[in-house]
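In: What would the 3D arrangement of this be:
(chains A and B)
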Amino acid sequence: MNKIDQALYEFREMDELADQDSLVHRFSVLPKVLLTILYILIVLSFHKYDLSSLSVMILFPVFFYQMSGIPLRKCFYKLRFVLPLVMAVGILNPLFDHTVILRIGSFSLTGGWLSMFTLMLKGILSLTASFLLVATSGIARICAALRRIHVPSVLVTLLLLTYRYITVLSEEVSVMSNAYHLRAPRQKGIEYSAWGSFLGQLLLRSMDRAEEIYQAMLLRGFHGHFHYTDERPATWKEWLTALLIGALIVFCRYYNVASFLGSLFMR
Amino acid sequence: MHMADALLSPAVATVMYAASGTAAAISINRLKKDEEHSKLPVMAVSAAMIFAGQMINYTIPGTGSSGHLCGGMLLSALLGPYAGFLSMIVVLAIQCLFFADGGLMALGANVWNMAFYGCFVGYFLIWRPIMRSQLFGASDDHNAQRLRIILASVLGCVITLQLGAFSVVLETTFSGITELPFGTFCGLMLPIHLAVGFVEGLITAAVLTFVYESRPELLQEVTPTKDGAGKLSLNQTVAILAVVTCLVGGGLSLYASSNPDGLEWALFGNAEAGYKENMGLDEENYGVSSTAAETAAGIQETTSFLPDYAFKDNDSAAGTTVSGLVGSAMVAGAAVLICLAGGFFRPKKTA
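Out: Numbers count the residues shown, from 1 in each chain, chains lettered A, B, ... in the order given. Sure, this is the predicted structure:
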């Protein structure tokens, strides 16, 4: 499967995940968005050596993935973009930070290693949170929630329209690229003589297509923004639940739960 | 070059959101003046095309590797800076939401690093001045315009990518994420992105010249010529590219010689951080005076482990670290339990 088909597959997969039904899926999107942002901000705010406190934050995504029935491995597959970059930055920490944090016999854990692990965990946790949001909400509901908090209509409409046309154009690029590679076997990419014409052709056709789309939209009564029907406002119960979860997240930030749990068994 | 959430502190992430948000607000404001509705479909389709176009690999002649398209310059040349910026935001948002390329909190930083520089700096400081100039010939001369497009694309991609990479370094350093000294980090990031920018610039130039040849009216700041005669041959284009390469390469070597090896500088001389030489060789000396070491020492004081080996004879402190470890293990256990319970209680799917 080439890169573009892979991307198309991932789009459809996300849409399918968002179409499932669970308590987390049914939960109103706006509180979910705010909770996700709070969670990521809290995760990022942990000190670079505070791995044990940070570890408690794992429980939130694990719990909600189970509740929503979204497989965690689907999310881990997406780590392939983020983790290498985080690793690239983090991997040098052990070389520069030699502060000894912990010694067990002859083994000593330096600050560099600890901060590297913390960094990686932060990367993984923040991704799991945003993935869960999209996988349980879908783009249309997220856009409706964005409109509710007065994100400009141009931006939201543009996001929806682009999302719609990405699949169309990606399919076209996929067909073009397959055709090219069938005629140029054993060639890794597009040769430089075709650099301009390959995408240029598509670009010209797309511009014409955009004009047709606009005419079609006008004929159907488009005057600047879309109307959203599939997202209801959150009930007070949902806000209360969100508030409690938020409070729990904040609590875990300021109170080292891992340390407390351990101390129950360490005398 | 997508930043990840983990590389930012909440403060830096918020500041970058505010900066990008302001730029977006200005763009939306400007766009309203010249009828945004009619532009929406074009913006959406262009953004979708950039997204798809970035997945195509272009073979770089003479090397085994391949390059990609630079979205910011292409979009601002096609749509203008404001519409281009908004389209880039949407591309980055979709990459972040659906492909985890970047992160939700890092979106502000990514928009700034890639869209802002690509669209605003690329357009106002590079594309527009070059396209309006009389460089290479009269303003409506076909060949001169072609050359100006190539020059603007290459220069634009190189410069905007350098700015973006530099911002990545700044943001990461301000977030206190990396122990890497600032100079070394720059030394690692900038040269790589110089090469990437050059290749991306060439690909973008190829696409834009193609558009220019067939539909010049689609490009911003380009005056369509009456006849398409006098096309530049491939050889001439290659010769001009060689000149551009020499210019850029020469500029780089000047920069490089004025800043000898960043790593060496960082390792052997940084008076501000309290050490003058031999940072790598004399760790203890460095460790005592740096702020990082002081913070670490503070933590060490409260968390030191095993009194026999460590520095502090305090039972409760040793207990904290060990209990942290044990507690974390218990958290892991709880996570596994939740997974098992989830699998147990969820109704089985009927095939």
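
In: What is the burial count for the residue in the stretch 51-200 of chain A that chain B sits nearest to?
Out: Going by CB to the nearest CB, chain B is nearest to A:Gln66 of the stretch 51-200 of chain A, at 2.8 Å. Using the backbone N, CA and C atoms, a C-beta is placed for each residue, glycine as well. Counted with other CB atoms under 10 Å in any protein chain shown, residues neighbouring A:Gln66 total 23.

In: counting contacts, what elements does the helix or strand hosting it pack onto?
Out: According to DSSP states H and E, A:Gln66 maps onto helix A:59-68. Here helix A:59-68 touches helix A:23-26, helix A:72-77, helix A:111-148, helix B:315-345, going by 3 or more CB pairs under 8 Å, 6 or more residues apart in numbering or on different chains; DSSP states H and E.

In: got the contact list for A:Met217?
Out: B:Pro41 (CB atoms under 8 Å, 6 or more residues apart in numbering or on different chains).

In: Next secondary structure element downstream of the host helix or strand of it?
Out: Using DSSP H and E, A:Met217 sits within helix A:195-219. Per DSSP H and E, the first helix or strand lying C-terminal to helix A:195-219 is helix A:236-254.

In: helices and strands around the helix or strand just after that next one, which ones?
Out: Counting by DSSP H and E, the next helix or strand C-terminal to helix A:236-254 is helix A:257-265. Applying 3+ CB pairs under 8 Å, 6+ apart, one finds that helix A:257-265 makes contact with helix A:51-55, helix B:315-345.

In: Are the first one and chain B in contact anywhere?
Out: The reference is to helix A:51-55. Yes. Part of helix A:51-55 sits near chain B under the criterion CB under 8 Å from any CB of the partner chain, namely A:51-53, A:55.

In: Below-threshold pLDDT in chain A: ranges please.
Out: Within chain A, the ranges that satisfy pLDDT under 70 run A:1, A:229-230, A:267.

In: typed the wrong thing, it's the stretch 201-350 of chain B
Out: For the stretch 201-350 of chain B (pLDDT under 70), the answer is B:225-322, B:343-350.

In: 50 instead, please
Out: B:228-230, B:252-290, B:293, B:297, B:300-314 (pLDDT under 50).

In: what sits against B:Ser139?
Out: B:132, B:145, B:223.

In: Relative to chain A, how far out is the residue lying closest to the last one once chain neighbours are set aside?
Out: Nearest residue to B:Thr223 in three dimensions, chain neighbours excluded: B:Asp140, at 4.8 Å (CB to CB, 6 or more residues apart in numbering or on different chains). Distance, B:Asp140 to chain A, using CB to the nearest CB, to the nearest Å: 22 Å.

In: so what's the backbone phi/psi at B:Asp140?
Out: B:Asp140 adopts backbone torsions of phi -110, psi 20, taken as degrees, to the nearest 10.

In: before we move on, what about B:Gly176?
Out: Residue torsions, per degrees, to the nearest 10, at B:Gly176 are phi 70, psi 30.

In: My guess is it contacts B:Leu8. True?
Out: No. Counting by CB atoms under 8 Å, B:Gly176 stays clear of B:Leu8, with 10.1 Å between them.

In: Of these two, which one has the most company?
Out: B:Leu8 (27 against 15).

In: Pull up the gap between the more buried one and A:Ser115, please.
Out: Distance, B:Leu8 to A:Ser115, by CB to CB, to the nearest Å: 15 Å.

In: repeat for A:Leu244
Out: Distance of A:Leu244 to A:Ser115, computed by CB to CB: 32 Å.

In: which one of those two has more residues nearby?
Out: The residue with more neighbours, out of A:Leu244 and A:Ser115, is A:Ser115; 28 against 10, by other CB under 10 Å.

In: and the nearest residue to that one once chain neighbours are set aside, what does it touch?
Out: Excluding the flanking residues, the one nearest A:Ser115 by CB to CB, 6+ apart is A:Lys48, at 4.0 Å. By CB under 8 Å, 6+ apart, the contact set of A:Lys48 is A:111, A:114-115, A:118-119, B:176-177.

In: Look at A:Lys48 and tell me its secondary structure.
Out: coil (DSSP: H, G, I helix; E, B strand; the rest coil).

In: now the helices for chain B?
Out: Along chain B, the segments classed as helices by DSSP state H run B:10-33, B:36-53, B:71-79, B:81-99, B:107-110, B:128-132, B:142-174, B:182-214, B:234-258, B:262-268, B:283-289, B:291-303, B:315-345.

In: Serialize these to a markdown table and add fields for mean neighbour count.
Out: Listed next are the helices of chain B as a markdown table, based on neighbours: other CB atoms under 10 Å in any protein chain shown:
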| stretch | mean neighbour count |
| --- | --- |
| helix B:10-33 | 17 |
| helix B:36-53 | 25 |
| helix B:71-79 | 29 |
| helix B:81-99 | 25 |
| helix B:107-110 | 27 |
| helix B:128-132 | 17 |
| helix B:142-174 | 23 |
| helix B:182-214 | 22 |
| helix B:234-258 | 12 |
| helix B:262-268 | 17 |
| helix B:283-289 | 14 |
| helix B:291-303 | 16 |
| helix B:315-345 | 17 |
